[in-house]
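Peer 1: Fold the following.
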Amino acid sequence: MTLRTLRIGNASGFYGDRFDAVREMLTGGDAGGSGEGGGPGALDVLTGDYLAELTMLILGRDLLKDPKGGYAKTFLRQMEEGLGLAHERGVRIVTNAGGLNPAGLADALTALADRLGLPTRIAYVEGDRLPPREGVLTANAYLGGGGIAACLTAGADVVVTGRVTDAALVTGPAQWWFGWGPEEYDALAGAVVAGHVLECGTQATGGNYAFFAGHDVRRPGFPLAEIHSDGTAVITKHPGTGGVVDVGTVTAQLLYETGGARYAGPDVTARIDTVRLTQEGPDRVRIDGVRGEAPPPTLKAGLTRIGGHRNEVVFVLTGLDIEAKAQLVRDQVEDAFERGKSRPAEVRWELARTDRSDADTEETASALLRLVVRDPAPEPVGRALSGAAVELALASYPGFHVTAPPGRGAPYGVFEAAYVPAADVPHTAVLPDGSRVAVPVPVRTRELEPVAEPPLPEPLPDGPTRRVPLGRVAGARSGDKGGDANIGVWVRDDTAWRWLVHGLTVERLRQLLPETRDFDVVRHVLPRLRAVNFVVTGILGEGVASQARFDPQAKALGEWLRARALDVPEELL
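Peer 2: Model prediction:
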């Protein structure tokens, strides 16, 4: 077991992230990995997260076209240069870019290393793909970091995985580096929290940040973590790169796509309510105090399938009588569906009043009427829709035009979360020499239970208030988990916390965001982060690929909330 700090960075938060981030992360520190005698700026491990719920559907369709595909091809192109840079600097690379075919990506990397003349030892992790199910395109369990640790212990320079948890890209290297046992829960939980901060790349360094105006975030650098043997960590970035690392940016990322106080994973359940954040210096935030518990006995699994076919058309309504124009075109399209006996199974209309009165440009004088249709069969959303819309070109409201002609329609995907016994999933590390090592399941497990709401601070005394947007005093970040959305809201001092925790209740959220009224909403209180986290069940329908709402991943739900006005104590302003 080594006590030396592990420096681990991330160069990708999604499939399509900044291509040159791999080079930036490998060259942004001192020359040479610290394991090869490099200085304090160097990395020991570089990770890349390429998988999301939507990505698995995309890779599933790729695999149907090409049995040798199913992995993130961008990563392979990045390794044209990255393999050599990592070899020179002694940096290990760990990535989930293997997607649905980690063995295929490992073979492609081996061929690339041979072509470049690099002695690169490549290993991969498999077992996450579940047996085929009727009507399911992809089915993958979320594995932990044990397979990654086994590959690194066997000397791998590059480890490729399929569907592991995003945090496993950090817990695996940390287990290898420090020799942690499977029941060192607090240390593992600390690595999970660090991994969760790193996993979305520049979201930890000022990207998508509520208070972006206070920093230069035009090109934020990617984050790295200095992890210690007890699981505590410091989040930072390479010197000279853009963006910022402060308690706010780290808090925002901690709240992203989370739920309650217990953050469950296959290695450990981390207690988010125990996390303590401290600004240690410029662009340095310390994470400590994290407690861990035994993981649950089941693994989460993600299932994707083709849900049907979808199409949309956006009508532009300009100038006067917007509501009447919208009603006319709705009546005409509905009449065409009825006459043709071709009405899709689902028809949704949404009028966005983007117009202004007495506008000085045509665009700002226009509103958008969006029609979205879905059906199990392609025909009702294809020619039937395009005919109904296009034939109105000379026969509808004055100024008729659309943003683009309706196409033939396209399949849409559906994501479903399921849970499988961990013992039923053959988590396997395939080492550089081709030998296979089975990763044992946890000996101890613990069923997940809700955490009781902690004691609340005293509310602020009554005093003068001013009606202002919530965002004047609070930050927020929102995201998706299948069909659910979360909205994490935080403030930056204890006085504001006393107001927020009593003022922003579930009932108040429903008032501010009327779209949430028809869904179950649960609030989780996280005093150490001065945050409340709302989980809105079902607001995203069947997941991002189904595009059930205007913002299908709930990325801007938090910003909508921040824009809503309420009475705020003047002392906070």
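
Peer 1: Three-state assignment for Val568, please.
Peer 2: strand (DSSP: H, G, I helix; E, B strand; the rest coil).

Peer 1: how close does it sit to Phe534?
Peer 2: Counting by Cβ to Cβ, to the nearest Å, the gap between Val568 and Phe534 amounts to 19 Å. Yep, even glycine has a C-beta here, placed from its N, CA and C like the rest.

Peer 1: So which of the two has more stuff around it?
Peer 2: More crowded of Val568 and Phe534, by other Cβ atoms under 10 Å: Phe534, with 26 against 21.

Peer 1: doesn't the more buried one fall inside a strand?
Peer 2: Yes: the assignment for Phe534 is a strand, going by three-state DSSP.

Peer 1: Leaving out the residues flanking it, which one is nearest to it?
Peer 2: If the residues on either side of it in the chain are set aside, Phe534 comes closest to Ile487, at 4.6 Å by Cβ to Cβ, 6 or more residues apart in numbering.

Peer 1: Helices of the chain, residue ranges please.
Peer 2: For the chain, the helices defined by DSSP state H cover 21-27, 53-65, 73-89, 102-116, 146-153, 168-178, 185-198, 247-255, 322-340, 383-390, 494-503, 506-512, 557-563.

Peer 1: Would you reformat the ones you listed as a markdown table and include mean pLDDT and mean neighbour count?
Peer 2: Shown next, in a markdown table, are these (pLDDT from 0 to 100; neighbours: other Cβ atoms under 10 Å):
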| stretch | mean pLDDT | mean neighbour count |
| --- | --- | --- |
| helix 21-27 | 97 | 21 |
| helix 53-65 | 93 | 19 |
| helix 73-89 | 97 | 19 |
| helix 102-116 | 98 | 18 |
| helix 146-153 | 98 | 26 |
| helix 168-178 | 98 | 28 |
| helix 185-198 | 98 | 28 |
| helix 247-255 | 98 | 25 |
| helix 322-340 | 96 | 16 |
| helix 383-390 | 90 | 19 |
| helix 494-503 | 98 | 18 |
| helix 506-512 | 98 | 15 |
| helix 557-563 | 98 | 21 |
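
Peer 1: Arg310 is nearest to which of the ones you listed?
Peer 2: For these, the distance to Arg310 is smallest for helix 383-390, at 10.2 Å, taking Cβ to Cβ.

Peer 1: tilt between that closest one and helix 322-340?
Peer 2: 140 degrees (axes from the mean of the first three to the mean of the last three Cα atoms, to 10 degrees).

Peer 1: my guess is Pro432 meets Arg121, correct?
Peer 2: Yes: the criterion here is Cβ atoms under 8 Å, and Pro432 meets it with Arg121 at 3.9 Å.

Peer 1: shared neighbours of the two, anything?
Peer 2: 155-156 (Cβ atoms under 8 Å, 6 or more residues apart in numbering).

Peer 1: ok, now which ones touch Ile227?
Peer 2: Here Ile227 is in contact with 5-8, 170, 174, 177, 190-191, 194, 233 (Cβ under 8 Å, 6+ apart).

Peer 1: change it to 6 Å
Peer 2: Neighbouring residues of Ile227 by Cβ atoms under 6 Å, 6 or more residues apart in numbering: 6, 174, 194, 233.

Peer 1: Ok, Thr138 next?
Peer 2: By Cβ under 6 Å, 6+ apart, the neighbours of Thr138 are 56, 60, 304.

Peer 1: same question, Thr205
Peer 2: 220-221, 223, 237, 243, 245.

Peer 1: So Arg466 versus Val532, what's the distance?
Peer 2: To Val532, Arg466 is 22 Å away according to Cβ to Cβ.

Peer 1: Now render the helices of the chain as JSON lines, adding distance to Pro461.
Peer 2: Output for the helices of the chain, formatted as JSON lines (distance: least, Cβ to Cβ, whole Å):
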{"stretch": "helix 21-27", "distance to Pro461": "49"}
{"stretch": "helix 53-65", "distance to Pro461": "46"}
{"stretch": "helix 73-89", "distance to Pro461": "55"}
{"stretch": "helix 102-116", "distance to Pro461": "59"}
{"stretch": "helix 146-153", "distance to Pro461": "53"}
{"stretch": "helix 168-178", "distance to Pro461": "44"}
{"stretch": "helix 185-198", "distance to Pro461": "35"}
{"stretch": "helix 247-255", "distance to Pro461": "27"}
{"stretch": "helix 322-340", "distance to Pro461": "46"}
{"stretch": "helix 383-390", "distance to Pro461": "59"}
{"stretch": "helix 494-503", "distance to Pro461": "10"}
{"stretch": "helix 506-512", "distance to Pro461": "19"}
{"stretch": "helix 557-563", "distance to Pro461": "25"}
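
Peer 1: Quick one: closest of the ones you listed to Thr47.
Peer 2: helix 168-178 (4.2 Å).

Peer 1: Show me the contact partners of that closest one.
Peer 2: Residues outside helix 168-178 that contact it (Cβ under 6 Å, 6+ apart): 1, 6, 8, 45, 47, 94, 144-145, 148-149, 152-153, 191-192, 194-195, 227, 229, 267.

Peer 1: Count the residues that sit near the residue nearest to Glu280 when sequence neighbours are not counted.
Peer 2: Closest residue to Glu280 apart from its sequence neighbours, by Cβ to Cβ, 6+ apart: Arg286 at 4.7 Å. Using other Cβ under 10 Å, Arg286 has 20 neighbouring residues.

Peer 1: go on, the one 10 residues further on?
Peer 2: By the criterion of other Cβ under 10 Å, Pro296 has 19 neighbours.

Peer 1: show me what contacts it?
Peer 2: Taking Cβ under 6 Å, 6+ apart, we find Pro296 in contact with 264, 445, 448.

Peer 1: I'd like the distance between the spatially closest residue to Ala410 that is not a sequence neighbour and Leu368.
Peer 2: What sits nearest to Ala410 in space, not counting adjacent residues and going by Cβ to Cβ, 6+ apart, is Arg310, at 6.2 Å. Distance, Arg310 to Leu368, using Cβ to Cβ: 18 Å.
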